[in-house]
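In: predicted model, plus sequence, below.
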Amino acid sequence: METQNADSSRLAEDFAIAVRGVSKSFRSQSGSGVYALDRLDLTVRKGEFVVLIGSTGCGKTTLLNILGGLEGQDRGDVRFAAGLNREDSVAYVFQHYTLFPWRTLLRNVTFGLEMRGVGRLQRNHKAKKLLRDVGLSDFENAYPHELSGGMRQRAAIAQALAREPKILLMDEPFGALDDATRKDLQQLLVGLWQDSGTTVLFVTHSIDEAVIMADRILVFSERPGRVIKDVTVDLPRPRDSLSSAFTDTFVEVRQAFYSRAG
Amino acid sequence: MFRFWKRHVNGSTQKLPKTDHARNWPKLLGWTAVPAVLLIAWQVMANAVNQPWLFPPVSEVFGRLVHPLRDHFGLGSLLDNTLISLIRVAIGFTLAACAGVTLGLLMGCVRALRGLLEPLVEILRPLCPIAWLPFAIAVFKLKTVPQLFGVTFSHTILDHVQLGMVFILFFGAFFPILTNTLDGVSGVRRNYLSLARMLGAGRFQCFVHVYLPASLPMILTGFRQGIGTCWFVIIAAEMLPGSDGGIGYLLMYAADLCAMDVVIAAMIIIGGIGALLNSAMHCAMRRFIRWHGKEF
Ligand SMILES: Nc1ncnc2c1ncn2[C@@H]1O[C@H](COP(=O)(O)OP(=O)(O)OP(=O)(O)O)[C@@H](O)[C@H]1O
Ligand SMILES: [Mg+2]
């Protein structure tokens, strides 16, 4: 409860996303209700890289779906900074089904621009540049099923960035990858984030991943999800996961993670 | 719109080892030896029976097939009549494809429409298209497609395309295409719709860029079933009264004259074209929808 108050008192002018008192319950098939989120408060500042960490089923995806406008909340309030709106400013990389299987990579990346009515030449130009940035320029004519999992996630990042979002929501995008690929993509993402100045809200299960990337880590409680710990990570980048400062932060988050109230 | 064929993945484009043909000998024999044995047996038996009006030898039948332009009984050649049947199917099928896909997509996307029309579809679908023939002839008489546009004789092949035939062919292809499209649309994962929405797609854009491509495999399956049904239906319809041409008509006419060599030649053509239509649809499917069954 304390940390929540601390968080809400920090509602600064520079917030990008402000979530206030958001609750969401689902009715299961048997008729009993499940609270996925309960009076959740959190704030993400402009340009900040916030990582949300919590165990499975605690409502992380539900929160991102609400922020992305795919689901409505039962109660509470979601606000974006002035000048930002859902349609144009928010991109969301899903946990699953991140690309259209019937489109080539290039046409997957251009999808968002096509919907906006950007001309073919212009959108191809931009998509090619993005594919180069994520290291996939040789695969622009490949279909998603012809790629490895890591390559698909790279493509999904390019697809999301094509619309130059001000806010990037990511739901365990690297969850199914091996360690080395994961490290590569973490670096790639942090690099892209530093270049673009986008606000990122990133969901993961991995404490290590959180400490490597985040400006701030929010630890979620068990379902219904609430923020039980808010850790600011002040380490310089690129971060060395073997340094003692890193380990200290890691332990701090880990303690919060495993001592969550049930 | 869908540029599935313009693809080329850089990097690993090495040739894969070809399938070992030596191992595939049953298939090879199935295409060569088995038909050969059958033809020889046929020839031998036909010679033994020696009643060509009942059981013509292979040589006579092939004599008909290698002269596809020779006129039979003043009804036109094998080729002429095959083309008449094919043009009828082409017109009926095309109309059914347009209507079936459009209505299937609409019914799949608009709940109310589906609720309104599904009972009707379920009642009409099991009805054999041939059962429509007497009704179609009664309504359309023997009116042809050019007459629909006020031309009595266009002196083209279209003079043989009666509206009644088009009508029943339409029903032959329409329902398989409609129901398959509908299944395709119902099977579209919501995830792809969410993805499209997050990338800024509106309702109509979802229709064109998600529902349509995602259900394309099922639509093509519907096409394949539909064109097969059309080919069945047209042959049967041409054998019934009210017809004036087509390979089925020629077959029936020849049978009445005990010209069994022409009958069998027509049967071979009908079977061959049926197989060709089917494999053409199959190839289209494999070529245009490489991603099918490879979602992840
Ligand atoms: N559409 C739904 N219908 C019913 N219950 C749902 C639905 N979506 C989520 N839930 C419930 O809400 C809870 C939170 O789900 P959510 O998907 O947000 O979890 P999560 O934190 O993303 O988990 P994970 O880390 O496994 O992805 C779950 O316990 C689930 O049972
Ligand atoms: Mg989740």
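Out: That came in fine, so what should we check first? Ligands and ions are numbered 1, 2, ... in the order given.
In: contacts, neighbours, all on C-alpha from now
Out: OK.
In: tally of neighbours for whatever residue of the stretch 151-296 of chain B ends up closest to ligand 1?
Out: When scored by Cα to the nearest ligand atom, the stretch 151-296 of chain B has B:R190 as its residue closest to ligand 1, at 11.5 Å. Burial of B:R190 is recorded as 11 neighbouring residues (other Cα atoms under 10 Å in any protein chain shown).
In: ditto for A:R107
Out: Applying other Cα under 10 Å, we find 22 residues neighbouring A:R107.
In: that's a helix at it, yeah?
Out: Yes. Counting by DSSP: H, G, I helix; E, B strand; the rest coil, A:R107 is located in a helix.
In: the stretch 101-250 of chain B: helices as residue ranges?
Out: B:111-124, B:133-140, B:145-148, B:163-186, B:190-198, B:203-206, B:212-238, B:247-256 (DSSP state H, counting those that start in this stretch).
In: output the contacting helices and strands for the helix or strand hosting A:D230.
Out: Secondary structure from DSSP states H and E places A:D230 in strand A:227-232. Contacting strand A:227-232 under the criterion 3 or more Cα pairs under 8 Å, 6 or more residues apart in numbering or on different chains; DSSP states H and E are the following elements: helix A:2-9, strand A:33-45, strand A:216-220, helix A:244-258.
In: give me that answer again for 10 Å
Out: In this structure, strand A:227-232 packs against helix A:2-9, strand A:33-45, strand A:49-53, strand A:216-220, helix A:244-258, with contacts taken as 3 or more Cα pairs under 10 Å, 6 or more residues apart in numbering or on different chains; DSSP states H and E.
In: can I get these in JSON lines with mean neighbour count?
Out: As requested, these are exported to JSON lines (neighbours: other Cα atoms under 10 Å in any protein chain shown):
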{"stretch": "helix A:2-9", "mean neighbour count": "13"}
{"stretch": "strand A:33-45", "mean neighbour count": "19"}
{"stretch": "strand A:49-53", "mean neighbour count": "25"}
{"stretch": "strand A:216-220", "mean neighbour count": "24"}
{"stretch": "helix A:244-258", "mean neighbour count": "16"}
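In: mind checking which of these is nearest ligand 1?
Out: For these, proximity to ligand 1 was assessed by Cα to the nearest ligand atom; strand A:33-45 is nearest, at 4.4 Å.
In: figure out which of the helices and strands packed on strand A:227-232 is closest to B:C258.
Out: Within these, the stretch nearest B:C258 is strand A:33-45; the backing value is 77.4 Å (Cα to Cα).
In: so who does A:L177 touch?
Out: Residues touching A:L177, when contacts are defined by Cα atoms under 10 Å, 6 or more residues apart in numbering or on different chains, comprise A:S148, A:G149, A:G150, A:Q153, A:K183, A:L185.
In: ok, the fourth one to B:L117 distance?
Out: A:Q153 sits 42 Å away from B:L117, taking Cα to Cα, to the nearest Å as the criterion.
In: ok, A:R27 next?
Out: Distance from A:R27 to B:L117, counting by Cα to Cα: 31 Å.
In: count of residues packed around the closest residue to chain B within the stretch 51-200 of chain A?
Out: Closest approach between the stretch 51-200 of chain A and chain B, counting by Cα to the nearest Cα: A:G112, at 4.6 Å. Using other Cα under 10 Å, A:G112 has 27 neighbouring residues.
In: contacts only, for it.
Out: The contact partners of A:G112, by Cα under 10 Å, 6+ apart, come to A:88, A:91, A:118, A:123, A:159-164, B:195-201.
In: for residue 163, what are its contacts?
Out: You didn't say which chain, so I picked chain A. Shown here is A:R163, whose contacts under the criterion Cα under 10 Å, 6+ apart are A:88-91, A:109-114, A:116, A:123, A:126-127, B:199-200.
In: wait, I meant chain B there
Out: By Cα under 10 Å, 6+ apart, the residues touching B:L163 are B:88, B:92, B:136-137, B:139-148, B:169.
In: what does B:Q147 give?
Out: For B:Q147, the contact set (Cα under 10 Å, 6+ apart) comprises B:F153, B:S154, B:L158, B:D159, B:Q162, B:L163.
In: pull out the buried members of those residues.
Out: Applying 16 or more other Cα atoms under 10 Å in any protein chain shown to the contacts of B:Q147, the neighbour count classes B:L158, B:D159, B:Q162, B:L163 as buried.
In: would you turn these into a markdown table with distance to ligand 1 and pLDDT?
Out: As requested, the buried ones among the contacts of B:Q147 are exported to a markdown table (distance: Cα to the nearest ligand atom, whole Å; pLDDT from 0 to 100):
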| residue | distance to ligand 1 | pLDDT |
| --- | --- | --- |
| B:L158 | 56 | 84 |
| B:D159 | 59 | 84 |
| B:Q162 | 54 | 88 |
| B:L163 | 51 | 91 |
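In: mind listing what's buried along stretch B:28-46?
Out: Residues of stretch B:28-46 classed as buried by neighbour count (16+ other Cα under 10 Å): B:W42, B:Q43, B:A46.
In: does stretch A:58-67 reach ligand 1?
Out: Yes. Legend: contact between stretch A:58-67 and ligand 1 by Cα under 6 Å from any ligand atom is shown at A:C58, A:G59, A:K60, A:T61, A:T62.
In: now stretch A:97-109
Out: No. Figure legend: stretch A:97-109 not in contact with ligand 1 (Cα under 6 Å from any ligand atom); closest approach 13.5 Å.
In: tell me which element A:A156 is part of?
Out: Using DSSP H and E, A:A156 maps to helix A:149-161.
In: so which bits of the worst-scoring helix or strand of chain B on mean pLDDT are buried?
Out: Each helix and strand of chain B was given a mean pLDDT (mean pLDDT, DSSP states H and E); the minimum falls on helix B:145-148 at a mean of 84. Taking 16+ other Cα under 10 Å as the basis for neighbour counts, the residues of helix B:145-148 that come out buried are B:V145, B:P146, B:Q147.
In: nearest to ligand 1 among those residues?
Out: The nearest one, if we look at these relative to ligand 1 and count by Cα to the nearest ligand atom, is B:V145, at 53.3 Å.
In: could you find the closest non-adjacent residue to B:R125?
Out: If the residues on either side of it in the chain are set aside, B:R125 comes closest to B:F175, at 5.9 Å by Cα to Cα, 6 or more residues apart in numbering or on different chains.
In: burial of the one you found, as a residue count?
Out: Residue crowding around B:F175 was assessed by other Cα under 10 Å; the count is 24.
In: so what's the gap between stretch A:144-153 and the chain middle?
Out: The gap between the average C-alpha position of stretch A:144-153 and the chain average comes to 19 Å, counting by Cα atoms, centre = their mean, to the nearest Å.
In: end-to-end on it?
Out: Its start and end residues considered, stretch A:144-153 measures 10 Å (Cα to Cα).
In: buried residues, that stretch. List them.
Out: By neighbour count, with 16+ other Cα under 10 Å as the criterion, the buried positions of stretch A:144-153 are A:P144, A:H145, A:G149, A:G150, A:M151, A:R152, A:Q153.
In: ok, the fourth one touching A:L188?
Out: Which is A:G150. No. With the criterion set as Cα atoms under 10 Å, A:G150 and A:L188 do not qualify as a contacting pair; they are 11.8 Å apart.
In: for the two, list the residues in contact with both.
Out: In terms of Cα under 10 Å, 6+ apart, A:G150 and A:L188 are both contacted by the residues A:R182.
In: pLDDT at B:K15, what is it?
Out: What the model reports as pLDDT for B:K15 is 57.
In: need the contact list for residue 152.
Out: Assuming you mean chain A. A:R152 sits in contact with A:Y97, A:T98, A:L99, A:L105, A:L136, A:Y143, A:P144, A:H145, A:E146, A:A158, A:P173, where contact means Cα under 10 Å, 6+ apart.
In: sorry, I should have been clearer: chain B.
Out: Applying Cα under 10 Å, 6+ apart to B:T152 gives the contacts B:K143, B:T144, B:V145, B:P146, B:D159.
In: how about these in CSV, adding distance to A:L131?
Out: Putting the contacts of B:T152 into CSV (distance: Cα to Cα, whole Å) gives the following:
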residue, distance to A:L131
B:K143, 59
B:T144, 56
B:V145, 53
B:P146, 54
B:D159, 56
